[in-house]
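Novice: With the input below, show me the fold.
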Amino acid sequence: SKEVSYSVVMQLVEKYFGKERVVCADNFFSSVKLALDLLEKNIKYVGTIRKNKPEIPEEFILTKDRQICSSKFGFNNNLTMVSY
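Specialist: Numbering: from 1, shown residues only. This is a model prediction of the structure:
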């Protein structure tokens, strides 16, 4: 579940809070909330995210009109999202 995957990541990296680390994970663990909460602890997050997550903007999900191998970037404060 969403809460379990969030808790697992937070517990695994707790000893690195405040130490300028980067966490990489797959879509099972990824969420905007996790990325924001880790950023508050001085930890950056890089990961894939499922397109069915409610926090993904619609223009990142609709790709049939985009060129093959194109990228779309979105920025919101300290977060960057890329659709490739």
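Novice: and residue 7, what helix or strand is that in?
Specialist: Assigned by DSSP states H and E, residue 7 belongs to helix 2-13.
Novice: going on from that helix, what's the next piece of helix or strand?
Specialist: Heading C-terminal from helix 2-13 (DSSP H and E), you reach strand 21-25.
Novice: Show me what that following strand is packed up against.
Specialist: Contact partners of strand 21-25 among helices and strands, from 3 or more Cβ pairs under 8 Å, 6 or more residues apart in numbering; DSSP states H and E: helix 2-13, strand 43-47. C-beta here means a position set from N, CA and C on the backbone, and glycine is covered the same way.
Novice: What is the longest one packed up against?
Specialist: Applying 3+ Cβ pairs under 8 Å, 6+ apart, one finds that helix 2-13 contacts strand 21-25, helix 32-40.
Novice: Mind checking the ones you listed for the one nearest to residue 68?
Specialist: Proximity to residue 68, assessed across the helices and strands packed on helix 2-13 by Cβ to Cβ, is greatest for strand 21-25 (25.9 Å).
Novice: returning to what we had before: now mean pLDDT and distance to residue 68 too, for the helices and strands packed on helix 2-13, in CSV please.
Specialist: As requested, those are arranged in CSV below (pLDDT from 0 to 100; distance: least, Cβ to Cβ, whole Å):
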stretch, mean pLDDT, distance to residue 68
strand 21-25, 96, 26
helix 32-40, 95, 27
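Novice: need the ones you listed in CSV with distance to residue 82 and mean neighbour count, can you?
Specialist: As requested, these are arranged in CSV below (distance: least, Cβ to Cβ, whole Å; neighbours: other Cβ atoms under 10 Å):
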stretch, distance to residue 82, mean neighbour count
strand 21-25, 14, 14
helix 32-40, 13, 16
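Novice: Redo those as a markdown table? Include distance to residue 57.
Specialist: A markdown table is the format used below for those (distance: least, Cβ to Cβ, whole Å):
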| stretch | distance to residue 57 |
| --- | --- |
| strand 21-25 | 21 |
| helix 32-40 | 11 |
